[in-house]
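*Asks:* What shape does this take:
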Amino acid sequence: MSEDLVYASALDLLKWYREKAISPVEVTQAALDQIEKYDGVLNAFVLVDEKSALEQARASEARWQAGTPMGLVDGVPTTVKDILLTKGWPTLRGSKSVDAAGPWEDDAPVVARLKENGAVLLGKTTTPEFGWKGVTDSPRTGITRNPWNPGMTSGGSSGGASSACAAGMGALHLGTDGGGSIRIPSGFTGIFGHKPSFGRVPAWPLSPFGTVAHIGPMTRSVGDAALMLQVLSGSDSRDWAALPPSSVDYLEALTQSIKGKRIAYSPNLGYASVHPEVAAAVQKAVQQLEALGAIIDEVDPGFENPLPIFNTLWWSGAHFALRNFTDKQINELDPGLRDVFIEGAKITLTDYMEATQARGELGIRMNKFHEQYDFLVTPTLSVPAFEVGKLAPKEMEEVGAWVDWTPFSYPFNLTQQPACSIPCGLTEDGLPIGLQIVGAMHDDEGVLMAANAYESVSPVATARPDLSKLV
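*Replies:* Below you'll find the predicted structure:
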């Protein structure tokens, strides 16, 4: 029964609460027991607040017993990435430079929305230092591991959230994505992750990496992500770029058909090198989409690798974030982040403005591309998960940078389009493979609909890691 509870969807939990078949206290305790049993190996959490979680669960139980649930996710166990402010809890950002004493007096908009809707917050999940890279290890919290194989990375920078999600430590998880940081770990751990259109989910404080950074849901099903997006989306006065509230019902949108939708399938975006097992799994997934009635064209969107644009914006953002650090603090940083800080100092205003202009041209190209195609599908990642403690797989160590094995994610942070990762297969070694679905700007409901259609026929939609290897 415990495994049924920890792997149950949020939608199922809410149904059971409504029927008084089970209590939020039982579900929360099961999630806490799962954390106690497995997180010593996985290291997905930087903070677990058992006392607060159970207090929240008891309050939720009372509301459900009275027939007065507080919101859309009342009593659902949820985690918060340790990049997002949470009142009463430190936000350490994986860095020794942050004083845990606080004070911590504010909730980020997304945390506030979850609290207002009754979510039971279990704790905060790990991140690399300031969320700077695509794997999750940091000077402050050490290495986070993949539930499918603890010798492999869970990805990053929302790697704690992905490990917790895949291991049944909560149903709903908050992630952030500035270059792939929701989709990368979702792809590596076999869960669903959605990067919403920029502004769909309000952010405060704004990421130092600026307008490439998004906040979104990480869950074990598309339905749960749609539910979570319903809670998170909307305006907030603290975010001047937030979109106005939408009348879209994201759960209702899932019921639409993909039949007749025009999908561009790009195996490599015209410039990426892809692991053969990844390529084969994605191609099979595209065939399944076609069998569902989608119209498939194999075509690239026609842009060159925008990595120089991304690096200019990303590195300058890192330098800006750390510009007031002392020499001692800089020397205590993750060495890779310190290198990025140094490179960022070399970027001129002209460099930055040229990158901004090139970014706009890329966005226009994709707007025009989506006049012909409803969706673009690609691999989520060019490789399966690799060994923990490394920034790149062994065969790519000479290249080194995490962006070299994530060629499919960062372009769509530049364009700000909605994009998700959904499991589409397993390697011979039993590691998850992800399919990325990219939608036209602001078409979050379309991306979720397409993902839900695929999930309904996916052979690995409900696959779980064997956690016995962790104990």
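
*Asks:* from memory E3 sits against G168, does it?
*Replies:* Yes: taking contacts as CB atoms under 8 Å, E3 lies within contact range of G168: 7.3 Å. C-beta coordinates here come from the backbone N, C-alpha and C atoms, glycine included.

*Asks:* Looking at these two now, which is surrounded by more residues?
*Replies:* Taking other CB atoms under 10 Å, E3 and G168 do not tie; G168 has more neighbours (27 against 12).

*Asks:* quick one: pLDDT of that one?
*Replies:* G168 carries a pLDDT score of 98 in this model.

*Asks:* Please, which helix or strand holds it?
*Replies:* For G168, there is no enclosing helix or strand under DSSP states H and E.

*Asks:* list the contacts for it?
*Replies:* 3, 6-7, 31, 34, 464, 467 (CB atoms under 8 Å, 6 or more residues apart in numbering).

*Asks:* Swap in 6 Å and give it another go.
*Replies:* By CB atoms under 6 Å, 6 or more residues apart in numbering, the contact set of G168 is 6-7, 34.

*Asks:* Now secondary structure too, for the residues you listed, in a markdown table please.
*Replies:* As requested, the contacts of G168 are exported to a markdown table (DSSP: H, G, I helix; E, B strand; the rest coil):
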| residue | secondary structure |
| --- | --- |
| V6 | helix |
| Y7 | coil |
| Q34 | helix |
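
*Asks:* now T144: how far from D82?
*Replies:* Distance of T144 to D82, computed by CB to CB, to the nearest Å: 11 Å.

*Asks:* returning to that earlier point: closest one to L414 out of the contacts of G168, please.
*Replies:* Y7 (35.5 Å; CB to CB).

*Asks:* Count the residues that sit near that closest one.
*Replies:* 17.

*Asks:* Could I get the contacting residues of it?
*Replies:* G168 are the contacts of Y7 under CB under 6 Å, 6+ apart.

*Asks:* Just give me the neighbour total for Y271.
*Replies:* With other CB under 10 Å as criterion, Y271 counts 12.

*Asks:* scratch that, V248
*Replies:* 18.

*Asks:* Pretty sure it sits in a helix.
*Replies:* No: V248 is assigned coil when assessed by three-state DSSP, not a helix.

*Asks:* With adjacent residues omitted, what lies nearest to it?
*Replies:* In space, and not counting its chain neighbours, V248 is closest to E445: 5.1 Å by CB to CB, 6 or more residues apart in numbering.

*Asks:* next one: V286
*Replies:* Y265 (4.8 Å).

*Asks:* Model confidence score at that neighbour, please.
*Replies:* So, for Y265, pLDDT stands at 99.

*Asks:* residues near it, how many?
*Replies:* 22.

*Asks:* Would you list the phi and psi of it?
*Replies:* When quoted as degrees, to the nearest 10, the phi and psi of Y265 stand at phi -100, psi 120.

*Asks:* just the one 10 residues further on next, same as before
*Replies:* The phi and psi torsions at H275 (degrees, to the nearest 10) take the values phi -60, psi 140.

*Asks:* Okay, it and K87: tell me how far apart.
*Replies:* 43 Å.

*Asks:* Settle it for me: which of the two has more neighbours?
*Replies:* Under the neighbour definition other CB under 10 Å, H275 and K87 were set side by side, and H275 has more, 18 against 14.

*Asks:* ok, that one touching L381?
*Replies:* No: using CB atoms under 6 Å, H275 is not in contact with L381; the gap is 8.5 Å.

*Asks:* just to revisit the earlier point, between T144 and D82, which one's more packed in?
*Replies:* T144 (33 against 29).

*Asks:* Now do the closest residue to that one other than its chain neighbours against Q256, distance only.
*Replies:* Using CB to CB, 6+ apart and skipping residues adjacent in sequence, the residue nearest T144 is T136, 4.0 Å away. Here the criterion is CB to CB. By it, T136 lies 35 Å from Q256.

*Asks:* May I have the phi/psi pair for K115?
*Replies:* phi -60, psi -40.

*Asks:* Report how many residues lie close to it.
*Replies:* Neighbour count for K115, taken as other CB under 10 Å: 18.

*Asks:* Now do the same contact list for it.
*Replies:* K115 neighbours (CB under 6 Å, 6+ apart): none.

*Asks:* Can you check the pLDDT for the residue nearest to V248?
*Replies:* For E445, the model assigns a pLDDT of 98.

*Asks:* That one belongs to a helix?
*Replies:* Yes: membership of E445 in a helix is supported by three-state DSSP.

*Asks:* count of residues packed around it?
*Replies:* With other CB under 10 Å as criterion, E445 counts 21.

*Asks:* returning to that earlier point: take the contacts of G168 and lay them out in CSV including distance to A355 and pLDDT.
*Replies:* CSV is the format used below for these (distance: CB to CB, whole Å; pLDDT from 0 to 100):
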residue, distance to A355, pLDDT
V6, 44, 97
Y7, 43, 97
Q34, 44, 97
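
*Asks:* Could you count how many residues lie near T127?
*Replies:* T127: 34 neighbours (other CB under 10 Å).
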